[in-house]
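Colleague: prediction below, plus the sequence it came from.
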Amino acid sequence: MNNEKSIKEEIIENKILKLLDEITANYSMDSLPTDIVKLMLADQEIQTIHNYANIVAITRLGFNDHGPVHMKTVCYNALKMIRILHEAGVQTSLEQESAGSLSDSVTAVCIASLLHDAGMTIARKNHELYSGILTFQKIREILAQALPGDVRRRTVIQSLALEGILGHMTTNPIHSIEAGLILIADGCDMTKGRARIPMEIPSKPAEGDIHKYSANSIEKVRILHGTKHPIKIEVHMKSEVGFFQVEEVLIPKIQSSPAKHLIELYAGVEGEELKRYI
């Protein structure tokens, strides 16, 4: 198994780091989120987990991408949402509760995003629970490197990150806006690029086929400032099979999210008017 990064990985990593730089500069945050992300992107164990998760998901099970590009795309999606919320004057749960700063929230969101599908290295069923078990010690290790003298801050960020990891499949109740954004950001990674590799592999009909065929019809997902609610999500597709991703994946994630009151969702086939779902 080769741990060399693909061009797509490098592109999304650069997008994440650029967005983090913008958020840090504009919102007077410390460098913790960027420091943590750089440590994670350079970590060989995390890279191996990412790559093996994709082998299990795509080659063994026939599902869409659950590896490095997906987990980094979820991180980028979540960062876009948290930036929109901040610009709309919406505080994170840590800020509302005076339990931490925006920087702590952003850090936890990045950690959770980059590790949420680690459990796919074991199995699809209950993979969110396996993700928490597999990554618990790694999260502690990375936070200890970045915050060697701050036990309180490390503990809060670790707990919030684990909430995001364990809650990303709607199977475990979550209660923070931060974890709720992970849930939605995960559902937003549904474009045809995610199904590219599974579509190229000849295979017999399997359980995950509807996911790859429906994702292959999604042209783009846009995360924008909303009009009625702070965040607007637009799903553009080339055929109606893409509605499976919207109705069976994204909408249940939004409805189960503590951030659902902050979201408006539109979807439709390209060339037609988008329909509002939420």
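Modeller: Right, received. Where do you want to start?

Colleague: ok, residue 161 - how many residues close by?
Modeller: Counted with other C-beta atoms under 10 Å, residues neighbouring residue 161 total 30. Yep, even glycine has a C-beta here, placed from its N, CA and C like the rest.

Colleague: would you mark the buried spots in the strand or helix carrying it?
Modeller: Using DSSP states H and E, residue 161 sits within helix 151-166. By 16 or more other C-beta atoms under 10 Å, the buried positions in helix 151-166 come out as 153, 154, 156, 157, 158, 160, 161, 162, 163, 164, 165, 166.

Colleague: just those now: which is nearest residue 116?
Modeller: Nearest to residue 116 among the buried residues of helix 151-166: residue 165, at 4.9 Å, using C-beta to C-beta.

Colleague: shaky segments in the stretch 51-200 of the chain?
Modeller: 193-200 (pLDDT under 70).

Colleague: just the helices in it please.
Modeller: For the stretch 51-200 of the chain, the helices defined by DSSP state H, counting those that start in this stretch occupy 68-87, 93-96, 102-115, 127-146, 151-166, 177-188, 196-200.

Colleague: CA atoms of the shortest one as CSV?
Modeller: Output for helix 93-96, consisting of C-alpha atoms alone and laid out as CSV, is shown next (Å, rounded to 0.1, in the frame of the first residue of the first chain):
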residue,chain,number,x,y,z
SER,A,93,-21.4,25.8,20.9
LEU,A,94,-18.1,26.2,22.7
GLU,A,95,-18.4,30.0,22.3
GLN,A,96,-22.0,30.1,23.5
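
Colleague: what does stretch 28-43 contact?
Modeller: 13, 16-17, 20-21, 23-24, 46, 75, 101-104, 106-107, 110-111, 114, 138, 142-143, 145-147 (C-beta atoms under 8 Å, 6 or more residues apart in numbering).

Colleague: show me what counts as buried in that stretch.
Modeller: So for stretch 28-43, counting by 16+ other C-beta under 10 Å, buried means 29, 32, 33, 34, 35, 36, 37, 38, 40, 41, 43.

Colleague: let's see which of these end up in helices.
Modeller: Among the buried residues of stretch 28-43, the members found in helices (DSSP state H) are 32, 33, 34, 35, 36, 37, 38, 40, 41.

Colleague: residue 276: which of the buried residues of stretch 28-43 is nearest?
Modeller: Among these, residue 33 lies closest to residue 276 (C-beta to C-beta), at 32.8 Å.

Colleague: so how far is residue 249 from that closest one?
Modeller: 27 Å (C-beta to C-beta, to the nearest Å).

Colleague: and for residue 139?
Modeller: Residue 139 is 26 Å from residue 249, by C-beta to C-beta.

Colleague: more neighbours: which of the two?
Modeller: Set residue 139 next to residue 249 and count neighbours by other C-beta under 10 Å: residue 139 wins out with 23 against 18.

Colleague: and the closest residue in space to that one that isn't next to it in sequence, what does it touch?
Modeller: Using C-beta to C-beta, 6 or more residues apart in numbering and skipping the chain neighbours, the partner closest in space to residue 139 is residue 158 (5.3 Å). Contact analysis of residue 158 by C-beta under 8 Å, 6+ apart lists 108, 139, 140, 143.
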